[in-house]
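A.B. asks: model this:
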Amino acid sequence: MLLELRVENLLLIERAELRLGPGLTAITGETGAGKTILAHALDLLLGGRPRSGIVRPGAREAYVEGVFACPPGGLVGDELAELHERLPEGEDELVLGRRVGAEGRTRAFVQGRSASASDLRELGSRLLAFFGQHEHRKLTVASAQLDLLDAFCGAEHLALRDRYAAQHRHVAAIARELESLRGRAGALDRDRDLLAFEIEEIEELDPSAADEEALLAERGRLRSLDALREAAGGAAEALAPDGAEATGAVAALALAEQHAGAASGADSELDGLAARLATLRIEAEDLAGELRRYLEGLDAEPRRLEDVEARLDRYDRLKRKHGGSVEAVLAHAARCRAERERLESAEVDLARYEAELESRGAEERRLANELGKARRAAAPRLAKAVREELAQLAMEDAQFDVRLEPRGELAATGGERAEFLVAPNPGVPAGALREIASGGELSRVMLALMSVAGTGGAETLVFDEVDAGVGGQTARAVGERLRRLADDRQVLCITHLPQIAAMADGHFRIEKDGSAGVSQASVDALEGQAVVAELCRMLGADSSDAGARRHARELLAAAA
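C.D. replies: Okay, here's the model as predicted:
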């Protein structure tokens, strides 16, 4: 339901705000006052293209905003999936907005966030249906006509259509997966070989972060091999040089130990010092041995540096190919193994999907046949009922028919297209409603259809020109049908007939003022005596006319 409508700098309206309620709302005003400005505003909210000169003279831009109550169950459908991701969860109101610059450039908004005109069209079509002379004539869309035919078929038929739609989605999903599997079937061997090569390449290296770190440390050591040899050899020679005549730190410590032990037992303090000299000598001898063994170990690995460099090169190559780190390489290997397993089961999957597609497709065709049979039976009954309604709406000579055409392939709505054919006047050949009907005729055909086809679709209906060319009892018939439609939804009607306005639950008047030298329109909510006065004006009299006021009250009493 449309809760609020705000308009700024649109044609004659500088600023207007309408707070709307359920039921039937009438929008009235003098001819030329700008009633259709609100129709233009709603058209913009539905993603319509702005006409030239729609921005009020002197203003930089026009702005239209609509606040809608979210329908029960929310807004569902694959078409809205992307938009849902950008909307907050749990919202009970939706705000659609549209800015139109004086130069013609437009911007759309949903919940205050930038959106596209197509977003407004998709969302708006779920919230509001507009019937009149403007761009958004939902009735002229084939799918909307099929929706009305299905609604006329009844609740069981609508439940059948829901089952069919769910089956159609399943079939489409299976068909997409099957197509993907078949597309990959020709490349399975090549893909398997590539995956096997990459897995083998990684497993042969058996990479790990700890191994790479150890290799880097070892490479640093091996690249300094000459310096290490010189350092270890020099240290070993300094401690215990080769040669009988050579003296080093070990020999010096042994001599010191010998001198200190010459008076062993004479003084405990000197004995302790002699023991420390013995420890130092033993440690020096061990160090000299360790240094020589370390030196010999260096000489025992002449090709080790080449092996380490080669292994680190393999690390670098794999990291460049698969993400820049050892962790990324390992993750790639895991993905390759999973993909290889999937490919190995692809042939089994292919057969399974083919069998499931056949089974699901058969059920889809069965449900589609049921839908088609019910539609073909209901189409002439709907056409007859609409013709009878049109006769009550000053279109007694109009011809109306429902044509069903088979689709080339099953769609989300079944195997048929529906086209409403109308001949508004005698002697005129029937043609598609979207091509034949004027704005007023379209509104009345829609009113007739909604009256006989039951509920469904958008929560808010807007009728413009529904009263074109009618009056008297026909006007009352139009008003009664509008009010019946408003029993379970919101209906807005732009009208110039008091018989219709008197039946409204809410009333807004658009009034043009040119006293300041610049034409400007205002929108006011009417209640009580203000409604009576407006009905008097619509009856062609002044509000002070007692007869007109009596007639206006009679209209309101009859509508009560």
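
A.B. asks: going forward, measure contacts between C-alpha atoms and count neighbours the same way
C.D. replies: Will do.

A.B. asks: so who does residue 415 touch?
C.D. replies: Counting by C-alpha atoms under 8 Å, 6 or more residues apart in numbering, residue 415 touches 368, 369, 372, 406, 407, 408, 409.

A.B. asks: repeat for residue 419
C.D. replies: So residue 419 contacts 142, 145, 146, 402, 403, 404, 432, 433 (C-alpha under 8 Å, 6+ apart).

A.B. asks: Buried subset of the residues you listed, written for ChimeraX?
C.D. replies: A single ChimeraX command selects the buried members of the contacts of residue 419 (16 or more other C-alpha atoms under 10 Å):
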select :145,146,402,403,404,432,433
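
A.B. asks: Let me know the closest of the contacts of residue 419 to residue 256.
C.D. replies: For those, the closest approach to residue 256 (C-alpha to C-alpha) belongs to residue 142, at 113.6 Å.

A.B. asks: in the stretch 51-200 of the chain, which spans are strands?
C.D. replies: 61-69, 93-101, 106-110, 113-115, 128-131 (DSSP state E, counting those that start in this stretch).

A.B. asks: Turn those strands into JSON lines, columns for mean neighbour count.
C.D. replies: Shown next, in JSON lines, are those (neighbours: other C-alpha atoms under 10 Å):
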{"stretch": "strand 61-69", "mean neighbour count": "22"}
{"stretch": "strand 93-101", "mean neighbour count": "21"}
{"stretch": "strand 106-110", "mean neighbour count": "19"}
{"stretch": "strand 113-115", "mean neighbour count": "14"}
{"stretch": "strand 128-131", "mean neighbour count": "26"}
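
A.B. asks: among those, which is nearest residue 448?
C.D. replies: Of all those, it is strand 128-131 that lies closest to residue 448, at 12.2 Å by C-alpha to C-alpha.

A.B. asks: packing partners for that closest one?
C.D. replies: helix 439-453, strand 460-464 (3 or more C-alpha pairs under 8 Å, 6 or more residues apart in numbering; DSSP states H and E).

A.B. asks: Mind checking the pLDDT average for the first one?
C.D. replies: By that I understand helix 439-453. Per-residue pLDDT over helix 439-453 has a mean of 77.

A.B. asks: what does that helix rub up against?
C.D. replies: The contact list for helix 439-453, computed with C-alpha under 8 Å, 6+ apart, reads 131-134, 139, 148-149, 151-153, 382, 385-386, 389-390, 393, 424, 433, 463-468, 481-482, 484-485.

A.B. asks: So which of these sit within helices?
C.D. replies: Within the contacts of helix 439-453, residues falling in helices by DSSP state H are 148-149, 151-153, 382, 385-386, 389-390, 433, 481-482, 484-485.

A.B. asks: Let's see if you can find the most crowded of these.
C.D. replies: When neighbours are counted by other C-alpha atoms under 10 Å, residue 482 leads the ones in helices among the contacts of helix 439-453 with 28 neighbours.

A.B. asks: any idea how far that one is from residue 463?
C.D. replies: According to C-alpha to C-alpha, to the nearest Å, residue 482 stands 9 Å off from residue 463.

A.B. asks: what sits opposite the residue nearest to residue 63 when sequence neighbours are not counted in the beta ladder?
C.D. replies: Nearest in space to residue 63, with sequence neighbours left out and distances taken as C-alpha to C-alpha, 6 or more residues apart in numbering, is residue 99 at 4.6 Å. Residue 99 has these beta-bridge partners by DSSP bridges: residue 63, residue 107.

A.B. asks: isn't residue 99 right next to residue 64, touching?
C.D. replies: Yes. In this structure, residue 99 is within contact of residue 64 by C-alpha atoms under 8 Å, at 6.6 Å.

A.B. asks: Contacts only, for the closest residue to residue 240 other than its chain neighbours.
C.D. replies: Sequence neighbours aside, residue 248 is the residue nearest to residue 240 in space, at 5.2 Å (criterion: C-alpha to C-alpha, 6+ apart). Counting by C-alpha under 8 Å, 6+ apart, residue 248 touches 237, 238, 239, 240, 241.

A.B. asks: quick one: the fourth one from residue 247, how far?
C.D. replies: It stands for residue 240. In terms of C-alpha to C-alpha, residue 240 sits 7 Å off from residue 247.

A.B. asks: repeat for the second one
C.D. replies: Here the distance between residue 238 and residue 247 works out to 8 Å (C-alpha to C-alpha).

A.B. asks: Across the sheet, point out what pairs with the closest residue to residue 29 other than its chain neighbours.
C.D. replies: Leaving aside its sequence neighbours, residue 29 sits nearest to residue 510 (C-alpha to C-alpha, 6+ apart; 4.9 Å). Beta-bridge pairing for residue 510 (DSSP bridges): residue 29, residue 523.
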